[in-house]
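1. Build me a model from this:
(one chain, ligands or ions: 1)
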Amino acid sequence: MADKQILSSVSYKNNEKQILIVTAVEAEKNAIERGLGSDTIYDISSVGVGPVESAINTVKILMKKKYSLVICAGIGGGFPERAEIGSIVLASKIIAADLGAESPEGFIPVEELGFGKSVLTPDLSLIPSFADCFEKAGINVATAPILTLATVTGTLEKAEELSNRIQGAGAEAMEGFGVASASNSFDIPFMEFRAISNPVGPRDRHSWKIKEAMQTLEKAGTALKEVFKQ
Ligand SMILES: O=C(O)c1cccc(C(=O)CC[C@H]2O[C@@H](n3cnc4c(=O)[nH]cnc43)[C@H](O)[C@@H]2O)c1
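-> Down below sits the predicted model:
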């Protein structure tokens, strides 16, 4: 189907809201809701921090209502030279970057261990429309792999290891793979976008610009109203 048909098919049916947005925390949910306003085709819920909590709570929501699209959204860390503070990264891949085994030769992803997969592919047909609407809202957008980690990167060595191992990695966060796995288990298309709040690298609380990232999430909320009108 053409993008427009896909877009229209995921927008809503019989005026029932068919698109679920999930964030980790209430502050992210509130920021997006401020942009969305009241007249919206989206349901939005906070599902907790980290891959496990977010997966469990997304499953609980999807058990109650069949959505046509799940969007994982929130703040995230940007890889230097790929995603600056205040921009948005749209996921081209959602990668559980710490799902595997350490070894003297380097990290071994779970696929190579023969125990499953660590890469999920979002609904790529939606990316052009989301990117276009975000850019029209004045947000710089990059489309790149978004990493899911259970631990926030806090050293230059770790940041470089991730960036060297996963070519083109744009951002890291803690919920995307959990939410995508939950959606996938219900055969529901999914995607992830992150408003960049901090550089991925040495832990430096002062480098976190959470307020700016929340402002980007609010702008994104406003832009989301336009995505399915095209
Ligand atoms: O280490 C700290 O002092 C600290 C201060 C504020 C927030 C944190 C978090 O761990 C927030 C995790 C939360 O935000 C997302 N997020 C944002 N940036 C990153 C990142 O660079 N790497 C991983 N997750 C990030 C994440 O999705 C969580 O929901 C720590």
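2. what's near enough to touch the residue lying closest to residue 20 once chain neighbours are set aside?
-> Spatially, and ignoring its direct neighbours in sequence, residue 20 is nearest to residue 67 (4.4 Å; CB to CB, 6 or more residues apart in numbering). Just so you know, the C-beta spots here come from the backbone N, C-alpha and C atoms, and that holds for glycine as well. Contact analysis of residue 67 by CB atoms under 8 Å, 6 or more residues apart in numbering lists 18-20, 43, 188.
3. Let's have those residues in TSV, adding secondary structure and pLDDT.
-> Shown next, in TSV, are those (DSSP: H, G, I helix; E, B strand; the rest coil; pLDDT from 0 to 100):
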residue	secondary structure	pLDDT
18	coil	90
19	strand	96
20	strand	97
43	strand	96
188	coil	97
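4. Highest neighbour count among these?
-> Neighbour counts for these, by other CB atoms under 10 Å, peak at residue 20, which reaches 24 neighbours.
5. Give the rounded mean pLDDT of stretch 60-78.
-> Mean pLDDT, stretch 60-78: 97.
6. Please point out which parts of that stretch sit buried.
-> Across stretch 60-78, burial judged by 16 or more other CB atoms under 10 Å covers 61-62, 67-78.
7. wait, which of the residues you listed is closest to residue 157?
-> residue 77 (15.3 Å; CB to CB).
8. so the closest one makes contact with residue 174?
-> No - Residue 77 lies out of contact with residue 174 (CB atoms under 8 Å); the separation is 9.7 Å.
9. Check the secondary structure at residue 135 for me.
-> Applying DSSP: H, G, I helix; E, B strand; the rest coil to residue 135 yields a three-state assignment of helix.
10. What residues does the residue lying closest to it once chain neighbours are set aside make contact with?
-> Residue nearest to residue 135 in three dimensions, not counting chain neighbours: residue 141, with 5.5 Å by CB to CB, 6+ apart. Residues near residue 141 by CB under 8 Å, 6+ apart: 87-90, 131, 134-135.
11. Right, I'll leave it there.
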